[in-house]
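> Whatever this is, show me its structure:
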Amino acid sequence: MNSAAAPVPARNDVEVIGLVGLAHGTSHFFHLMLPPLFPWLMKDFALSYTEAGMLMTVFFVISGVGQALAGFVVDRVGARPVLFAGIAMLALSGIVLGVATTYPMLMLAAGVAGLGNSIFHPADFTVLNRRVAQPRLGHAFSVHGLSGNIGWATAPVFMAGIAATAGWHAAGFAAAGVGVCVLAVLWWRRDVLDDAAAEVVATAHDANRPAPVHQLAFLASPAVWLCFAFFFLTTSAFGILQNYAPAILGNVYDVSLVLATAGLTSYLAGSAVGTITGGFLAARSERNERVIALALGLAAVMALLLASGWVSSSLLLPLMAVMGFGVGTAGPNRDLLVRRAATSQFGKASFGRVYGFVYSGLDTGLALSPLIFGPLLDAGRFNAALTAVAVLQAASLLTAMRVGTTARARSAAHRVSA
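Alright, predicted model coming up:
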């Protein structure tokens with residue numbers, strides 16, 4: 001029997017977590033490279049809202065398909081070179097945007113950004129799972145989620161601010177500069193991200209687990225498909241809020257656009273606080289699906305209260321913040337749950353492909369959500385859209401419970417047979 005790996009200093013884990021968080025925040029920054037520029041792009045290219053929105057559909061479709069495939073590349077060549085390639089692609093998308101003179105060039109910028117974005121979940125989680133000690137993984141996933149929120153929060157101010165003063169072309173080049181700077185930092189500290197090195201978190205138990213007979217064997221696992229469904233459901237709910245929260249709240253409660261937009265900001269702020277809280281809970285719980293169920297149950301209740309139209313408009317911001325807190329708390333626990341579903345059946349050699357596939361459900365949800373629920377708003381059914389958020393969150397918590405039960409049963413069966 002192999003001996004367990006020696007304990008790893010917290011300082012090493014902190015650096016790995018920080019660098020991966022920087023990369024993930026950059027990917028989320030590029031999620032919102034284009035939307036803040038829509039007022040300028042629509043004017044200069046005479047675009048409709050549908051044409052402008054199609055840019056983000058292209059982004060997420062390419063990201064979703066690419067993410068499912070990127071996991072195989074990560075498992076074959078390692079996460080570090082794939083991570084560097086993704087950052088480089090994001091920087092290239094900024095350059096394409098900066099030189100764009102036609103709508104097809106904007107489409108190309110969106111496509112290149114989507115391709116760059118596709119690698120981050122399989123690469124990030126492979127590095128974290130291989131280079132961070134188990135007791136600190138909950139905090140690692142918490143920082144990973146929080147860094148994404150920071151990237152989302154930074155991009156609109158950065159892109160719109162530069163566009164307002166120097167034009168949208170300059171904003172594109174500035175975004176490329178962000179990507180180049182991050183790539184330089186990651187390259188400088190590349191040894192820290194070397195997932196091909198001896199695994200500091202490896203255990204004899206996992207090392208002895210046989211590998212699956214085929215690289216696509218994970219597609220036959222119900223737990224993997226349940227994880228995919230979980231991501232699809234949760235991000236479909238988030239997509240409704242991300243795209244339409246100001247319009248929904250403004251119409252249901254007859255409040256100003258400023259207050260309605262502040263509702264989305266409250267949701268994101270609550271989500272950030274929840275992500276930090278979820279990291280501590282994830283590190284202390286072996287039943288992450290229960291934490292997810294409670295957190296998403298809280299979020300669903302808040303969505304139903306808002307959908308009722310009965311609450312005072314003065315409670316909009318607190319209720320949106322609590323809903324965001326619930327969703328944020330579920331995040332780190334969700335990531336640990338995916339880890340358990342992967343390792344309980346396929347071992348650590350499958351991190352890339354499993355994470356890549358299940359997280360493609362995230363992109364699928366974000367890509368389809370506007371197409372599925374936009375007609376509700378076109379029909380004036382704003383309350384129904386909020387009800388749909390609650391239903392999706394409730395369905396996702398049931399899925400999480402099923403994932404946890406399945407993974408735990410498989411791990412128990414493996415221990416009996418070992």
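> now the helices for the stretch 201-350 of the chain?
Secondary structure of the stretch 201-350 of the chain (DSSP state H, counting those that start in this stretch): helices at 204-207, 222-253, 257-284, 288-308, 316-343.
> for the following helix or strand past the last one, which positions count as buried?
What that stands for is helix 316-343. Next helix or strand after helix 316-343 toward the C-terminus (DSSP states H and E): helix 351-378. For helix 351-378, the neighbour count (16 or more other C-beta atoms under 10 Å) marks 351-370, 373-374, 376-377 as buried. To be clear about C-beta, it is placed using only N, CA and C from the backbone, and glycine gets the same treatment.
> Measure how buried Pro318 is and give me the count.
By the criterion of other C-beta atoms under 10 Å, Pro318 has 13 neighbours.
> can you tell me which residues contact the nearest residue to it once chain neighbours are set aside?
Leaving aside its sequence neighbours, Pro318 sits nearest to Ser266 (C-beta to C-beta, 6 or more residues apart in numbering; 7.5 Å). The contact partners of Ser266, by C-beta atoms under 8 Å, 6 or more residues apart in numbering, come to Leu316, Leu317, Pro318, Met320, Ala321, Gly324.
> Now tabulate those in TSV and tack on distance to Leu32 and pLDDT.
Shown next, in TSV, are the contacts of Ser266 (distance: C-beta to C-beta, whole Å; pLDDT from 0 to 100):
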residue	distance to Leu32	pLDDT
Leu316	23	91
Leu317	22	92
Pro318	25	94
Met320	19	94
Ala321	21	94
Gly324	17	92
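> Just the buried subset of those residues, please.
For the contacts of Ser266, a burial check counting by 16+ other C-beta under 10 Å picks out Leu316, Leu317, Met320, Ala321, Gly324.
> for the residue nearest to the fourth one when sequence neighbours are not counted, what are its contacts?
It stands for Ala321. Nearest non-adjacent residue to Ala321, counting by C-beta to C-beta, 6+ apart: Gly270, 3.6 Å away. Counting by C-beta under 8 Å, 6+ apart, Gly270 touches Met320, Ala321, Val322, Met323, Gly324, Phe325, Gly328.
> Verify the stated contact: the first one with Tyr267.
Just to be clear, that refers to Met320. Yes - at 4.4 Å, Met320 counts as touching Tyr267 under the criterion of C-beta atoms under 8 Å.
> Now the common contact residues for the two.
Common contact partners of Met320 and Tyr267 (C-beta under 8 Å, 6+ apart): Ala245.
> returning to that earlier point: how about the helices of the stretch 201-350 of the chain in a markdown table, adding distance to Ala79?
As requested, those are exported to a markdown table (distance: least, C-beta to C-beta, whole Å):
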| stretch | distance to Ala79 |
| --- | --- |
| helix 204-207 | 17 |
| helix 222-253 | 19 |
| helix 257-284 | 21 |
| helix 288-308 | 23 |
| helix 316-343 | 14 |
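> which residues of the stretch 1-150 of the chain fall in helices?
Using DSSP H, counting those that start in this stretch, helices in the stretch 1-150 of the chain cover 10-31, 38-45, 49-77, 79-99, 103-117, 120-131, 137-166.
> Mean neighbour count, those helices: which tops it?
helix 120-131 (a mean of 28; mean count of other C-beta atoms under 10 Å).
> That one packs against which elements?
Applying 3 or more C-beta pairs under 8 Å, 6 or more residues apart in numbering; DSSP states H and E, one finds that helix 120-131 contacts helix 10-31, helix 49-77, helix 79-99, helix 137-166, helix 316-343, helix 351-378.
> then that helix to CSV, C-alphas only?
C-alpha atoms of helix 120-131 as CSV (Å, rounded to 0.1, in the frame of the first residue of the first chain):
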residue,chain,number,x,y,z
PHE,A,120,-11.9,27.2,-17.5
HIS,A,121,-14.1,24.8,-15.5
PRO,A,122,-12.3,21.6,-16.5
ALA,A,123,-8.9,23.2,-16.2
ASP,A,124,-9.6,25.1,-13.0
PHE,A,125,-11.1,22.2,-11.1
THR,A,126,-8.5,19.8,-12.2
VAL,A,127,-5.7,22.1,-10.8
LEU,A,128,-7.7,22.7,-7.6
ASN,A,129,-8.5,19.0,-7.0
ARG,A,130,-4.9,17.9,-7.8
ARG,A,131,-3.0,20.7,-6.0
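> circling back: just name the most buried of the helices of the stretch 201-350 of the chain.
A comparison of the helices of the stretch 201-350 of the chain by mean neighbour count, using mean count of other C-beta under 10 Å, puts helix 316-343 on top with a mean of 26.
> quick one, it and helix 257-284 angle?
Per axes from the mean of the first three to the mean of the last three C-alpha atoms, to 10 degrees, the angle that helix 316-343 makes with helix 257-284 is 40 degrees.
> Could you write out the alpha-carbon coordinates of stretch 300-317 in CSV?
What follows is stretch 300-317, C-alpha atoms only, in CSV (Å, rounded to 0.1, in the frame of the first residue of the first chain):
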residue,chain,number,x,y,z
ALA,A,300,-37.0,29.3,-4.1
VAL,A,301,-39.1,30.7,-1.3
MET,A,302,-37.8,34.2,-1.9
ALA,A,303,-38.5,33.9,-5.6
LEU,A,304,-42.1,32.7,-4.8
LEU,A,305,-42.6,35.7,-2.5
LEU,A,306,-41.5,38.1,-5.2
ALA,A,307,-43.6,36.3,-7.8
SER,A,308,-46.7,36.8,-5.6
GLY,A,309,-46.5,40.6,-5.9
TRP,A,310,-47.8,40.8,-2.4
VAL,A,311,-44.7,42.1,-0.7
SER,A,312,-43.9,45.8,-0.3
SER,A,313,-41.5,47.3,-2.8
SER,A,314,-39.3,48.3,0.1
LEU,A,315,-38.5,44.6,0.6
LEU,A,316,-37.4,44.0,-3.0
LEU,A,317,-33.7,44.6,-2.3
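> Give me the contact list for it.
237, 249, 252-255, 259-260, 262-263, 266, 319-320, 322-323, 326, 383-384, 386-387, 389-391, 393-394, 397.
> do that again at 6 Å, thanks
With contact meaning C-beta atoms under 6 Å, 6 or more residues apart in numbering, stretch 300-317 is reached by 252-253, 255, 263, 266, 319, 322-323, 383, 386-387, 389-390, 393-394.
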